[in-house]
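Trainee: return atomic coordinates for the entry below.
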Amino acid sequence: MEQQNYSNHRRYVPAFHLFTGSLILLLLIYRLIQIVKVLLLSHHKFTHLVYYFIMPLTVSIILLMLFWYCRQFALKAQDRAIRAEESLRYYILTGKAIDRRITMSQIIALRFAADDEMVSLAQQATEKNMSGDDIKKAIKNWRPDNHRA
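Mentor: Numbers count the residues shown, from 1 in each chain. A predicted model of the protein is given here:
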């Protein structure tokens, strides 16, 4: 595995993000086009319209929502674990609780900072209201996270 840094730290799974997401989106677009065609031609009975077009469209929408929420739920669970881990790490390093003003985005970014940078970056993040991206760019000694979702 290559060394992790700012430019390659994001997790991208082509089979999920590209292939599955694209197929679900294409299915939804196809179904919408089919419904528009049927409505313009208006030669189908309403029961046929529901059975052959509305129901598959509904399934497409459900699949798209499942695709989106499965990812969001995994990220939220990961965020909670990161918050707990980084709060504990900060406490171990300083003997104090992490500043309450620090945001989730900042904590997520701080997980990539090595122990020798973490405390000072956390203080800078709260004092200067740094974004998560700014924190990541400020890290000199990158600490990889190879177990991210």
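Trainee: and the top helix by length along the chain, what does it pack onto?
Mentor: Among the segments of the chain that qualify as a helix by DSSP state H, the longest is helix 55-94. The contact analysis (3 or more Cβ pairs under 8 Å, 6 or more residues apart in numbering; DSSP states H and E) places helix 55-94 against helix 21-41, helix 104-110, helix 115-128. Using the backbone N, CA and C atoms, a C-beta is placed for each residue, glycine as well.
Trainee: mind checking how far residue 27 is from residue 106?
Mentor: 38 Å (Cβ to Cβ, to the nearest Å).
Trainee: more neighbours: those two, which one.
Mentor: Set side by side, residue 27 and residue 106 show more neighbours around residue 106, with 23 against 17, by other Cβ atoms under 10 Å.
Trainee: can you list the helices and strands packed on helix 55-94 in TSV and add mean pLDDT and distance to residue 143?
Mentor: Formatted as TSV, the helices and strands packed on helix 55-94 follow (pLDDT from 0 to 100; distance: least, Cβ to Cβ, whole Å):
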stretch	mean pLDDT	distance to residue 143
helix 21-41	83	30
helix 104-110	95	9
helix 115-128	95	8
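Trainee: including distance to residue 139, could these go into a markdown table?
Mentor: As requested, these are exported to a markdown table (distance: least, Cβ to Cβ, whole Å):
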| stretch | distance to residue 139 |
| --- | --- |
| helix 21-41 | 30 |
| helix 104-110 | 8 |
| helix 115-128 | 6 |
